[in-house]
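1. Quick one, structure for this:
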Amino acid sequence: MFVRLTFCLSQSKSEANMSPDDAKLVIRRFIDEVINGRNLDAAGDFVAGNVVEQVPFPGQGPGLEGLRDVLRALFVAFPDMHWTIDEQLGEADKVLTRFTWTATQKGQFFGAPASGKQVSVWGMVIDRLEDGRIKETRILMDMFGLMRQIGA
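-> Next comes the predicted model:
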C-alpha cells in the first residue's frame, strides 16, 4: 500500500525561463534547509503560501501552514529524520525527486506509539514551480513499508 501526497505548484510567465537545473536547486535547498535543517520559518522561501497538496495527509490543513504542520508532526515522531536525494529529473517548471529518508521513531505517528525503531522510507515527488517557489506537488511515499517498520 502506498500513500500519495500532493503539493501543488504553478508556473508564471515570469518564471517560464527558470532552467530545470535552477528548479532542481530550489527543491534541493528546500530539503536541505527546511527538512534536514528543521527550519520551518524558511519554508516560505521555497513554497508558495497557497501551495496545493493534491493528496494531503489525513487532517492536513491547506497551503503552506498545512505543510508546516505536517513537517512539525514528522519532526516530533522522527526527530532525527534525514532526507537524501537519490535522483532528480527536471523538465520546464517541473522537478521529479526520488528520495530516501531515514529516522528513528521517538514519538507517536498515525496512532502508533514510539517504537524506538530505525526506519528507511523511499518515495518520489513531482513539484511544479511558480515564481521560483513550489506551487504544486505530488508525492508518493512507501507508507505501508514505514508502518511495517515501526510495528504498526
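2. Which single strand of the chain contains the most residues?
-> If you go by DSSP state E, the chain has its longest strand at strand 118-130.
3. Run through the neighbouring helices and strands of that one.
-> Counting contacts by 3 or more C-beta pairs under 8 Å, 6 or more residues apart in numbering; DSSP states H and E, strand 118-130 packs against helix 20-29, strand 94-104, strand 133-141, helix 143-149. Glycine gets a C-beta too; all of them are placed from N, C-alpha and C.
4. got TSV for the ones you listed, with mean neighbour count and distance to G66 too?
-> Below are those laid out as TSV (neighbours: other C-beta atoms under 10 Å; distance: least, C-beta to C-beta, whole Å):
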stretch	mean neighbour count	distance to G66
helix 20-29	17	19
strand 94-104	18	19
strand 133-141	22	12
helix 143-149	16	18
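5. can these go into TSV with extra columns for distance to V70 and mean pLDDT?
-> Formatted as TSV, the helices and strands packed on strand 118-130 follow (distance: least, C-beta to C-beta, whole Å; pLDDT from 0 to 100):
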stretch	distance to V70	mean pLDDT
helix 20-29	17	96
strand 94-104	13	98
strand 133-141	11	93
helix 143-149	13	96
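6. Report the distance from the helix or strand hosting R68 to the chain centre.
-> Assigned by DSSP states H and E, R68 falls within helix 63-77. Here helix 63-77 is found 10 Å from its chain centre; the criterion is C-alpha atoms, centre = their mean, to the nearest Å.
7. go on, stretch 104-122?
-> In this view, stretch 104-122 has its centroid 17 Å away from the chain centroid, taken as C-alpha atoms, centre = their mean.
8. Check stretch 134-152 too.
-> Taking C-alpha atoms, centre = their mean, one finds stretch 134-152 lying 10 Å from the centre of the chain it belongs to.
9. Check stretch 74-82 too.
-> Distance, centroid of stretch 74-82 to centroid of chain: 13 Å (C-alpha atoms, centre = their mean).
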